[in-house]
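Student: Sequence first, then the predicted structure:
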Amino acid sequence: MTESDSQTSDASAGSEPAASAPSRSEIRRWRKYLAAERAEASVYRDLAARREGEEREILLALAEAESRHESHWVELLGEHAGSPRRAPLNAQLLGWFARRFGSVFVLALAQRGESRSPYEADVDATATMAADERIHGEVVRGLATRGRNRMSGTFRAAVFGANDGLVSNLALVLGIGATGVSPAIILATGLAGLLAGALSMGAGEFVSVRSQRELLAASDPDPGARDALPHLDLDANELSLVYRARGMTEAEALAHADEVLSDLSVDHSAGAVVDEHEEIGSAWGAASSSFMFFASGAVIPVLPYIFGATGLTAVLIASVLVGIALLATGAIVGILSGASPLKRALRQLAIGYGAAAATYLLGLAFGATIA
């Protein structure tokens, strides 16, 4: 080996291998992640600005975690980070809703976004980041659940009312129209169906919710029963029967009854196994939501007839308008439930069109018979 070869070999042995520069595809992907993290942190801060107490602290903690993820991508990018990239369109829309409404819809969308994080399959994201995103989804799910519980009763009545109004009145209008009667009769039938259905839905929801509340109230412990505790026969200890009736085993019931009797300052219902009452909302709230949303859905199929359309033209316009409304209703349900909005929308559309088509075919059959 020559002297020059030896010097070259020594120089090569003493030098560190240079880190390879990131490829263009890696830079694009990392910058996309960076923009998404910045957008998510902004959404959580905007939501926190509209809340107080514990929820505000939780949302700010989520924003801080997203900022840590942001730092990871900034470090990887280095000089390639460049100016802030525009966030994806869905993140921009989410931020717009968060700043203006801060509703459970935003939390539901954020929950869905966290559940679709690509970090678990990306070699450039750390295992900690992937775990963070999964836990963030559960945190947001918990926050969204609070909102879902607060609105569950009224929302159920609203969705049921709107869907029933759309489907039943479209089926009614198409079924009557298929018999060959005049447009004036179809319009009168549709308006009558709207009013009758809305009143029926409102009254039904009121009675249903009021009856359910009364049924649940009958299961609540009697607050006056505590006054009898000091006078119980300690040997018989019938208090244990109360806890056994509410789901405890005999041993658990006896132990808890002894604890209560030994210290009457303890709330005797604290250990009872009682299911929490379902968040069903108020009877008037459910009734009014059902009435208004049924009416708003039922008016759509008669709009073409109100504006003078007739025949097949009116049928097609009514069907298209109702289809759009069904898709929107299904998508909203999907968003709030954390499921796929597209699948829920298509399911709603298929059910609605199926019912309307069956009624239309029956109308054709009756029309042919009458003719």
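Tutor: Arrived safely, thanks for sending.
Student: Which residues are in contact with residue 107?
Tutor: Residue 107 is in contact with 47, 140, 143, 144, 147, counting by Cβ atoms under 8 Å, 6 or more residues apart in numbering. Every C-beta, even on glycine, is put in place using the N, C-alpha and C of the backbone.
Student: any idea which element it lies in?
Tutor: helix 104-115 (DSSP states H and E).
Student: now do residue 185
Tutor: Using DSSP H and E, residue 185 falls in helix 183-217.
Student: go on, residue 32?
Tutor: helix 24-49.
Student: and after that helix, which helix or strand comes next?
Tutor: helix 53-77.
Student: hmm, who's touching that following helix?
Tutor: 22, 27, 30-31, 33-34, 37-38, 40-42, 44-45, 47-48, 51, 81, 124-126, 129, 132, 136, 139-140, 143, 146.
Student: Flag every buried residue along it.
Tutor: For helix 53-77, the neighbour count (16 or more other Cβ atoms under 10 Å) marks 55, 58-60, 62-63, 65-66, 69-70, 72-73, 76-77 as buried.
Student: Considering those residues, which is situated nearest to residue 302?
Tutor: residue 55 (43.3 Å; Cβ to Cβ).
Student: And that closest one, what's its pLDDT?
Tutor: With respect to pLDDT, residue 55 has a value of 83.
Student: and if you look at residue 238?
Tutor: At residue 238, pLDDT is 60.
Student: Residue 209 too?
Tutor: 63.
Student: Please apply the same query to residue 270.
Tutor: For residue 270, the model assigns a pLDDT of 40.
Student: tell me the contacts of residue 310?
Tutor: Contacts of residue 310 (Cβ under 8 Å, 6+ apart): residue 183.
Student: Got phi/psi on it?
Tutor: phi -140, psi 170 (degrees, to the nearest 10).
Student: that older thread, what comes up buried for the helix holding residue 32?
Tutor: 27, 29-31, 33-48.
Student: what do you get for stretch 189-197?
Tutor: 189, 190, 191, 193, 194, 197.
Student: The third one: what's its closest spatial neighbour, skipping adjacent residues?
Tutor: Right, the one you point to is residue 191. Nearest residue to residue 191, sequence neighbours excluded (Cβ to Cβ, 6 or more residues apart in numbering): residue 302, at 6.2 Å.
Student: I'd guessed the one you found sits against residue 169; true?
Tutor: Yes: here residue 302 reaches residue 169: they are 6.9 Å apart, a contact under Cβ atoms under 8 Å.
Student: so where's this structure shaky on pLDDT?
Tutor: Within the chain, the stretches with pLDDT under 70 are 1-20, 83-103, 105, 147-157, 204-205, 207-242, 260-283, 336-339, 367-371.
Student: Show me how the record splits it into domains.
Tutor: Here the domain parsing of the chain from automatic domain parsing is 22-148, 153-215+285-370, 222-262.
Student: Highest mean neighbour count out of these?
Tutor: Across those, averaging neighbours per residue (mean count of other Cβ atoms under 10 Å) puts domain 153-215+285-370 on top, at a mean of 19.
Student: Which strands and helices lie in contact with the longest helix along the chain?
Tutor: Counting residues, the longest helix found in the chain (DSSP state H) is helix 127-178. Counting by 3 or more Cβ pairs under 8 Å, 6 or more residues apart in numbering; DSSP states H and E, the packing neighbours recorded for helix 127-178 are helix 53-77, helix 104-115, helix 183-217, helix 283-298, helix 311-337, helix 341-370.
Student: Compute the inter-axis angle for that helix and helix 283-298.
Tutor: Here helix 127-178 runs at an angle of 60 degrees relative to helix 283-298 (axes from the mean of the first three to the mean of the last three Cα atoms, to 10 degrees).
Student: so what's the closest residue to residue 140 other than its chain neighbours up against?
Tutor: Nearest non-adjacent residue to residue 140, counting by Cβ to Cβ, 6+ apart: residue 111, 4.3 Å away. Residues in contact with residue 111 (Cβ under 8 Å, 6+ apart) are 137, 140, 141, 144, 338.
Student: so which pair among those is furthest apart in space?
Tutor: 137 and 144 (10.2 Å).
Student: Please look at residue 299 and residue 194 and confirm they touch.
Tutor: Yes: counting by Cβ under 8 Å, residue 194 is a contact partner of residue 299 at 5.9 Å.
Student: which residues are common contacts for those two?
Tutor: Common neighbours of residue 299 and residue 194 (Cβ under 8 Å, 6+ apart) are 165, 169.
Student: does residue 189 really touch residue 179, like I thought?
Tutor: No: between residue 189 and residue 179 there is no contact under Cβ under 8 Å: 10.4 Å.
Student: re earlier: list the residues that are in contact with both of residue 302 and residue 169.
Tutor: What both residue 302 and residue 169 touch, as defined by Cβ under 8 Å, 6+ apart, is the set 190, 194.
Student: which ones are touching the closest residue to residue 292 other than its chain neighbours?
Tutor: Excluding the flanking residues, the one nearest residue 292 by Cβ to Cβ, 6+ apart is residue 161, at 7.4 Å. If you count contacts by Cβ under 8 Å, 6+ apart, residue 161 has them with 198, 201, 205, 289, 290, 291, 292, 293, 294, 297.
Student: right, and the pair among those with maximum separation?
Tutor: 205 and 297 (14.5 Å).
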